Structure formats: C-alpha cells, structure tokens
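Peer 1: Structure for this input, please:
(2 chains)
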Amino acid sequence: MKSVLDRNNFSEWYSEILKRAEILDVRYPVKGVYVWYPYGLRLRNLIYGILRALMDEEHEEVLFPLLIRRDELLKEKEHIKGFEEEVFWVTHGGTTELDVPLALRPTSETAMYPVFKLWIRSHRDLPIRVYQIVNTFRYETKHTRPLIRLREITSFKEAHTAHASRREAEEQINKAIAIYRNFFDRLAIPYVITKRPEWDKFPGAEYTIAFDTLMPDGRTMQIATLHMLGENFAHTFDIRYEAEDGSSKFVNQTCYGISERCVAAVIAVHGDDHGLVLPPPVAPIQVVIVPIIFTSGADKPSESEAVKRACNVLHHELKGAGVRVFLDDSPERPGAKYYYWEMKGVPLRIELGPRDLANNSCTFVRRDNFVKWRVPLTTAVSEVKNTLDDIQHSLHARAMERLEIGVVSDETELKNATGIVALPLCDRESCGKELEESTGASVLGEVLYASHSSGGKECIICAREAKHVLVARTY
RNA sequence: GGGGCAGUAGGGUAGCCAGGUCAUCCUCGUGGCUUUGGGAGCCAUGGACCCCAGUUCGAAUCUGGGCUGCCCCA
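Peer 2: Numbers count the residues shown, from 1 in each chain, chains lettered A, B, ... in the order given. Here you go, the predicted model:
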C-alpha cells in the first residue's frame, strides 16, 4: 500500500483532497467561490442534517431575503464598522442605478431585526428562536481558501433569538453551547471553547464565545461563534415588547452561527495520507462492497456467479438494515477500487471473493486503521453496525488525543510552543496585542469549561492579575 | 496595503531566455481483446498554447493591456 498524499504538508494535502475526493471544484472563475460536487454536497447535507435536527428541537426555521437596504445595514454603527469593507453591493437594476443600493447579506442581523420589530409586540410573543441556513457574501481581501475563507459562504446556519430578559438570553447562550457541543461530538471533532477578547468580539455584540478546533498544521480554526447582543440591536432597531405590568421594554437578543468550516474540520481533523476518513454518521457511503471475481479457469464462471450472488444478497441485507451501502461491481481491478474508496473516506470496506465464500464469510477492512478480519456472512449485518460504532469512537478518541493544550509560563516557552497554549494574561488590549505581535499567534480568549490549569496567576506581559487564556496561530 | 511569479488537453507537465516541420511526456476519456485478493497489459482513437491588441514574412515563445490563479512581506 502506498500513500498518495502527505498530510504533513497540510495546504497541499487539503486542496488535493478536495479535488480528488470530489468535495469541491475550485475551477469556477470567480475568486473565493466554489462548486460543490455531488459527493461533497451529500457530505455537507448529512452534516447539516444533524445540525438541523438539533436546531429543530427548540428553534423554528425561517428564510429571510438575501438583499438588505443600505440604510438598514448602516443603522448599527459598531456592527457596520466590522463589515463595511467586506460588503458586496448591488447598485444597478439593468442599466438603471438604484435609488437605494442593496447589500448582499454579510450576515442577517440587519435583515431580520427590522422584521422582529414587527413580529414582537407582547411578552407573549417571546421568546423568538429562529434559524436559517443560507448563503452570505463577504468581500474577503486576504487569500481565500475553499470551505474556510470564502467570498460566498454557501452554508451559513445562523440562529437569532429574542428574549424578555437578559437572564433568559444568557440561558439561551448556554443552551446553544450545549447544542454545538453535541453537534461537534457527533462529528468526532474536538474543540476548545473560549470567550473572545474585547477587541475580537462580533461587531455589535456585548461578548462573543467561540469554538476552535486544531488543524494538522498546528493552527486553530474557528468553527462556531455565539454572540450575546444584549439590548444593543434592540435599541438600534427599536424592538420592544409590552411586559405583563404594561411597561414597554427592550428585548435581549442572541445570535450564533456555524458555517461550512464544519465540513472543512471533518476533512482536516480525520483525514490521512490515503484521503478522507469520514465519521460513519456523516459518510455518504458507510460501507462499500468489493466483489473479487475471477473469470479464467474451467469452472470459474459458476464460481464468480456465486460471488456476485452473495454480494447482491449482502448489499440487499445492509440496505434493508438502514446502512448506506454501495456495491462496486465496476470492471476496475480490486486494488484500484480500494484506493478509490479510501480517498472517498468510506469507513468500512467489505471484500467478498471465492476464498471468503468457501468459508461462508466475507472480509472487513476498516478505513481508520486498516485492520482486516474475516466475518461470517450470517452475522455480517450486526458486525457492520458494531464496527461503524466502534470506528466512530476510535475517531473521536484519536482526534481528542491530537488536541493537546500546552501550558507555558514565560515568553520563551511560548515562542517554542506549537498548537494551542494556555497562559495567564490580563484582559487589557495592549497586553494582548503585544503578545500577538511578538509571537505571531492570536489570543483565542478566556477559557470556559476548563479542565486544566494555566500555570501562573500573573499576566505574562504586565504581571497584573491575569485570566486563563488560550493562544494559538489561527486560520 | 506592498512586492514577486505563473496561465499549454479533464488533471499534471516540456517547449519560452535564443520566434520557424505534425507542440513533449505522464495521467485521463472512448472502442476492443485479455484481465481481477492492493493502483493491469496490449491495440486503436480523442483532447490544449487564458483573452484582446501590437511587433513580425511567421508568435505558445517578444511587447502592452485585461482576466484568473499562486507565493512572500506588512
């Protein structure tokens, strides 16, 4: 078996795998926008199916327009400051210049909140918990990268909530964190959760909480964010409700989102030198059956017929058991099929040939560790289910091991560190910026849900009282 | 924001400096025969010089502009 890719050269590995596993076609002639292949889209849809199911438990799906009036977009001053250099504008209808230029949504707060004002009159209308999965547009000026930094984000799941009190809004943030933890656990993706520093919060938010995962090259990638908006947008868009006592109050709001970076994370975190390695819950094909057929020799035709029959029966049984299974009866040679389906990340391969059939069995090969063993045909279906579960657990365990958090106490140690590092830092922007400039790394933020200690208690820069923060080079 | 490099078939490339026969090689597609337990072999066949202008008898090659992509620095 020879490796076809080198995961240690992550950049090259990543773009090569997107092409060869047929996730995205990057040849579309507009910068920063890409085409989903059928296989990539099936992966995306399975991942988003999990997310959608989790969201549907306590949210309602909505669909707001892509176009936003210029004056609405510009209403919230802090908000627009964060986005104004990244907005795509529609300025003409045909050859006629529009009276009011229209923005392609960079995010949907300013599309939704004027409508929230119409929907919310009484405390009985609250809470509102909605989400949508839509495309958004940002004129990225840094180098774009498929699924990671896009000019058209095709799969932005954004949730927006409005509540009668601040306490309820904060509870909602906690519920949303639980949903996201659940989601990434199902994808077997490890993460750290931090409260972003003041200077890196969502424009217009009171504070921002983020999930980051660790990529193979030691950089972190932000994979989810949650924003406590407080009453900021409610004041801007005049979203009030009449309370039980008849008084008029502003709502408290939150919003939180996940983009197709979660697909990038699945690819990057689990993949290896043979290609994709997909967690069974999101694998478009969970099991591939490869018949081993010989046609030469005197009584071979009947033997190969028996192999084909056995493959068909197994295929049928697995399908009936709800497994996403594919029978590869193409004329390729078995070796070529192995490489092909490994690139596609299929979690389990079943080989079935004359030698297996003679024992009334088949051969299982796991994608995650290439372990190979023989299984009786009579127990194959249940063994498939057990194996897929076990692969899921193994993937999760392996990924968790890779996400180590280093602890440092001085700058020399920090400069030599790789990956995610925990250290004590005060919350002043000057200290954070100094640290970022001297190390080239970014402050992810204050650790939430800590299970480890940061070493010291004094800020690594100014020696004042410090918080426990995580630092890493980022995407 | 600043600087550099590149664009040749579906993918990857040679040729470009020094203009000149049918544009090289690998992969791939199609048809056929033989094959099939880790990327099969043979035969036949298909497919490209990013766009626009200029220089020239003649441009993939030189010049200018455009479009697209990549890399480095801030």
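Peer 1: Contact partners for A:V35?
Peer 2: By Cβ atoms under 8 Å, 6 or more residues apart in numbering, the residues touching A:V35 are A:24-28. The C-beta positions use only the backbone N, C-alpha and C, and glycine is treated the same way.
Peer 1: repeat that for 7 Å
Peer 2: Going by Cβ atoms under 7 Å, 6 or more residues apart in numbering, A:V35 touches A:24-25, A:28.
Peer 1: Let me have those residues in TSV, extended by neighbour count, secondary structure and pLDDT.
Peer 2: Listed next are the contacts of A:V35 as TSV, based on neighbours: other Cβ atoms under 10 Å; DSSP: H, G, I helix; E, B strand; the rest coil; pLDDT from 0 to 100:
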residue	neighbour count	secondary structure	pLDDT
A:L24	23	strand	92
A:D25	14	strand	90
A:Y28	12	coil	85
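Peer 1: For A:A264, pull up the helix or strand it's in.
Peer 2: Assigned by DSSP states H and E, A:A264 belongs to helix A:261-270.
Peer 1: List the contacts of that helix.
Peer 2: By Cβ under 7 Å, 6+ apart, the residues outside helix A:261-270 that reach it are A:14, A:17, A:23, A:43-44, A:47, A:147-148, A:187-189, A:213, A:215-216, A:221, A:223, A:276-279, A:282, A:395, A:399.
Peer 1: ok so, going back, for RNA strand B, state which of the contacts of A:V35 is nearest.
Peer 2: Comparing the contacts of A:V35 against RNA strand B with Cβ to the nearest atom of the strand places A:Y28 closest, at 7.9 Å.
Peer 1: What is the neighbour count of the closest residue to A:V192 other than its chain neighbours?
Peer 2: In space, and not counting its chain neighbours, A:V192 is closest to A:D212: 5.4 Å by Cβ to Cβ, 6 or more residues apart in numbering. Neighbour count for A:D212, taken as other Cβ atoms under 10 Å: 27.
Peer 1: returning to that earlier point: the helix holding A:A264 vs RNA strand B: in contact?
Peer 2: No - Helix A:261-270 is not in contact with RNA strand B by Cβ under 7 Å from any atom of the strand; minimum separation 14.7 Å.
Peer 1: in a helix, that's where the residue nearest to A:V192 is, yeah?
Peer 2: No - using DSSP: H, G, I helix; E, B strand; the rest coil, the assignment for A:D212 is strand, not a helix.
Peer 1: Roughly how far does it sit from RNA strand B?
Peer 2: In this view, A:D212 and RNA strand B are 20 Å apart by Cβ to the nearest atom of the strand, to the nearest Å.
Peer 1: what's the span of stretch A:28-42, first residue to last?
Peer 2: With Cα to Cα, to the nearest Å as the measure, stretch A:28-42 spans 20 Å from end to end.
Peer 1: average pLDDT for the helix holding A:A264?
Peer 2: Per-residue pLDDT values over helix A:261-270 give a mean of 96.
Peer 1: same thing with stretch A:182-200?
Peer 2: Confidence for stretch A:182-200, expressed as mean pLDDT, is 96.
Peer 1: which residues are contacting that stretch?
Peer 2: The contact list for stretch A:182-200 (Cβ under 7 Å, 6+ apart) reads A:47, A:50-51, A:54, A:177, A:207-213, A:223, A:262, A:265-266, A:269-270, A:279, A:281-282, A:392, A:395-396, A:399-400, A:403, A:420, A:427, A:429, A:432, A:443-449, A:470.
Peer 1: how about the residue in the stretch 1-150 of chain A that RNA strand B sits nearest to, what does it touch?
Peer 2: Relative to RNA strand B, the nearest point of the stretch 1-150 of chain A is A:K31 (3.0 Å; Cβ to the nearest atom of the strand). With contact set as Cβ under 7 Å, 6+ apart, A:K31 has these partners: A:144, A:151.
Peer 1: helix, strand or coil for it?
Peer 2: When classified by three-state DSSP, A:K31 comes out as coil.
Peer 1: related to what we said a few turns ago, and the helix holding A:A264, which residues are buried?
Peer 2: Using 16 or more other Cβ atoms under 10 Å as the test for burial, helix A:261-270 gives A:261-270.
Peer 1: try stretch A:119-126
Peer 2: By 16+ other Cβ under 10 Å, the buried positions in stretch A:119-126 come out as A:120, A:123, A:126.
Peer 1: how far is it from where the chain is centred?
Peer 2: The chain centroid and the centroid of stretch A:119-126 are separated by 33 Å under Cα atoms, centre = their mean, to the nearest Å.
Peer 1: May I have the distance across that stretch, first residue to last?
Peer 2: 10 Å.
Peer 1: same question, stretch A:354-364
Peer 2: Using Cα to Cα, the span of stretch A:354-364 from its first residue to its last is 15 Å.
Peer 1: what bits of chain A have low per-residue confidence?
Peer 2: Along chain A, the model assigns pLDDT under 70 to residues A:296-299, A:450-456.
Peer 1: change it to 80
Peer 2: A:1-2, A:4, A:29, A:95, A:142-143, A:295-301, A:409-416, A:449-457 (pLDDT under 80).
Peer 1: Look through it and tell me its longest helix.
Peer 2: Counting residues, the longest helix in chain A under DSSP state H turns out to be helix A:380-402.
Peer 1: Could you list every helix and strand that the following helix or strand past it packs against?
Peer 2: In the C-terminal direction, the helix or strand that comes right after helix A:380-402 (DSSP H and E) is strand A:405-407. Packing contacts for strand A:405-407, counted by 3 or more Cβ pairs under 7 Å, 6 or more residues apart in numbering; DSSP states H and E, involve strand A:420-425.
Peer 1: The first helix or strand past the strand it packs on going along the chain close to RNA strand B?
Peer 2: Downstream of strand A:420-425, the first helix or strand assigned by DSSP H and E is helix A:429-439. No - applying Cβ under 7 Å from any atom of the strand, one finds helix A:429-439 separated from RNA strand B by no less than 8.7 Å.
Peer 1: Other residues contacting helix A:429-439?
Peer 2: Helix A:429-439 is contacted from outside by A:197-199, A:411, A:414-415, A:425, A:442-443, A:459-462, A:471, using Cβ under 7 Å, 6+ apart.
Peer 1: how distant is the helix or strand just after it from the center of its chain?
Peer 2: Later in the chain than helix A:429-439, the nearest helix or strand by DSSP H and E is strand A:442-447. Distance of strand A:442-447 from the chain centroid (Cα atoms, centre = their mean) equals 20 Å.
Peer 1: How far off centre is the helix or strand following strand A:442-447?
Peer 2: Moving toward the C-terminus from strand A:442-447, the next helix or strand (DSSP H and E) is strand A:467-472. On the basis of Cα atoms, centre = their mean, strand A:467-472 sits 22 Å off its chain's mean C-alpha point.
Peer 1: Okay, now the sheet partners of strand A:467-472, with direction.
Peer 2: Strand A:467-472 sits in its sheet next to strand A:420-425 (antiparallel), strand A:442-447 (antiparallel), going by DSSP bridges.
Peer 1: Turn these into CSV, including distance to A:Q286.
Peer 2: Converted to CSV, the strands paired with strand A:467-472 look like this (distance: least, Cβ to Cβ, whole Å):
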stretch, distance to A:Q286
strand A:420-425, 32
strand A:442-447, 34
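Peer 1: ranking those strands by burial, who's on top?
Peer 2: Mean neighbour counts were compared across those using mean count of other Cβ atoms under 10 Å; the top stretch is strand A:420-425, at a mean of 24.
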